[in-house]
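Asks: The following block contains a protein sequence and its predicted model.
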Amino acid sequence: MKILCKLGWLVSLILAGVIAYGAYVVMVPGHTAPSSDGRTAVLLAEGERDKVLGEMRFLLETVQAISENLAAGNVEAVPALARAAGMAAAAGESPAMMAKLPLEFKTLGLGTHQAFDDLADMAATDPEPLEVLATMSQTMLNCTACHAGYRLAVEDSTQ
């Protein structure tokens with residue numbers, strides 16, 4: 001009986017290790033390849049690539065709209081604009097597509113969405129426009145880091 005108990009624990013430990021390794025293989029490196037420009041190419045299906053690029057354009061359009069409102073002294077418009085680009089915008093992503101994204105890419109992307117929620121909270125407290133702009137500038141460091149390190153490519157469908 002004691003041997004069966006120890007064997008059960010050993011099998012459980014081995015299974016936990018296999019699951020952890022599998023999660024690492026799927027979640028951390030993503031589906032990537034070296035790129036000729038020195039960045040890491042994230043390999044996605046064409047529709048997945050279009051979706052990620054559309055999300056990036058939406059974030060850029062949000063930054064433009066926030067900048068325009070701040071320049072006009074309209075801080076009151078910022079919370080709604082920023083909230084639309086927050087974590088709610090990242091909800092419902094395909095788990096299969098998310099598995100293709102390397103961990104750092106996901107970390108930068110989700111960090112950016114969270115930063116927009118934080119920006120919305122901060123802007124709602126009636127700060128000075130320059131404070132909001134400085135916070136948004138910090139958020140954009142995620143954007144520049146991501147674009148400096150990654151490019152999106154369409155995966156070879158013959159593989």
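Replies: Yep, it's here.
Asks: so which strand or helix has residue 43?
Replies: Here residue 43, judged by DSSP states H and E, is contained in strand 40-44.
Asks: same for the helix or strand just after that strand, what does it pack against?
Replies: Using DSSP H and E, the helix or strand that follows strand 40-44 in sequence is helix 46-71. Helix 46-71 sits against helix 78-84, helix 95-100, helix 103-123, helix 129-149, strand 150-154, with contacts defined as 3 or more Cβ pairs under 8 Å, 6 or more residues apart in numbering; DSSP states H and E. Backbone N, C-alpha and C define where each C-beta goes, glycine included.
Asks: looking at these, which is closest to residue 35?
Replies: For the helices and strands packed on helix 46-71, proximity to residue 35 was assessed by Cβ to Cβ; strand 150-154 is nearest, at 5.5 Å.
Asks: Tell me the buried residues in that closest one?
Replies: Within strand 150-154, the residues scored as buried using 16 or more other Cβ atoms under 10 Å are 150, 152, 153.
Asks: cool, stretch 115-126 as well?
Replies: By 16+ other Cβ under 10 Å, the buried positions in stretch 115-126 come out as 115, 116, 117, 119, 120, 122, 123.
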